[in-house]
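Asks: fold the following and give me the result.
(one chain, ligands or ions: 1)
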Amino acid sequence: MTPFFSRLLSRGAPILGDVRPSDAAAIAAIHGLSFQRGWDEHEVYRLLIEKNVVAHRAVSGRKLIGFIVSRLAAGEAEILSVAIAPAWRGRKLSRQLLDLHLRCLAGLGTRAVFLEVDEHNAPAVRLYRRAGFRDIGRRAGYYQGGANALVLRRDLG
Ligand SMILES: CC(C)(COP(=O)(O)OP(=O)(O)OC[C@H]1O[C@@H](n2cnc3c(N)ncnc32)[C@H](O)[C@@H]1OP(=O)(O)O)[C@@H](O)C(=O)NCCC(=O)NCCS
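Replies: As a prediction, this is how the structure comes out:
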């Protein structure tokens, strides 16, 4: 695509919506830029086609620039990953994605949402606290390098 058309298509606010299995490569790419342990495309694809997995994306033009993925079981959900492409961070996009995701989970009858986050990951911890997640535990040395994980919970509905 020429630079002119790519600029034209990427104008305006990012659009949020459901992830499709064909987004697997783009999600794997953002994941690889965001976490020490990457997900490969096939791993992401297999995850996205699971019946109990719910995922949303942010798109600018034709480019996927952020995603969030959860797995549901017995009325509860675990957020497995959320990431925004580096060039799009710092614009509260993750908050919009998380809001949409939580509304969708609530609509599916989810009563509580859980996640683990590195306690030193300030933007992520702030994102979740602002969205009403509360500490329910701490896993010492959970991450590579010895960082602790906070276990957070948000009740829905
Ligand atoms: C975590 C992540 C999804 C946040 O996405 P984002 O849309 O860029 O979020 P924002 O930059 O708008 O910031 C979220 C909050 O953190 C704050 N923040 C940003 N950088 C910060 C920093 N270095 N220190 C403290 N707070 C910070 C922002 O001010 C904002 O708080 P506010 O809403 O109270 O103002 C994004 O940084 C990312 O993709 N990181 C890599 C993947 C990751 O760590 N995912 C979370 C795993 S659980």
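
Asks: show me what the longest helix along the chain is packed against.
Replies: In the chain, with assignment by DSSP state H, the single longest helix is helix 93-107. If contacts are counted by 3 or more C-beta pairs under 8 Å, 6 or more residues apart in numbering; DSSP states H and E, helix 93-107 sits against strand 15-18, strand 53-60, strand 63-73, strand 76-84, helix 122-130. Any C-beta I mention is one placed from the backbone N, CA and C, and that applies to glycine too.

Asks: buried residues, the last one. List them.
Replies: Neighbour counts over helix 122-130 (16 or more other C-beta atoms under 10 Å) mark 124-125, 127-128 as buried.

Asks: just the closest of these to the ligand, please.
Replies: A124 (3.7 Å; C-beta to the nearest ligand atom).

Asks: hmm, the closest one is touching V117, no?
Replies: Yes: contact criterion C-beta atoms under 8 Å: A124 and V117 qualify, at 5.0 Å.

Asks: and the protein, which residues reach the ligand?
Replies: 34, 82-84, 89-94, 117, 121-124, 126-127, 130 (C-beta under 6 Å from any ligand atom).

Asks: go again with 8 Å.
Replies: Within the chain, the positions near the ligand by C-beta under 8 Å from any ligand atom are 30, 34-35, 66, 79, 81-86, 88-95, 97, 115-118, 121-128, 130.
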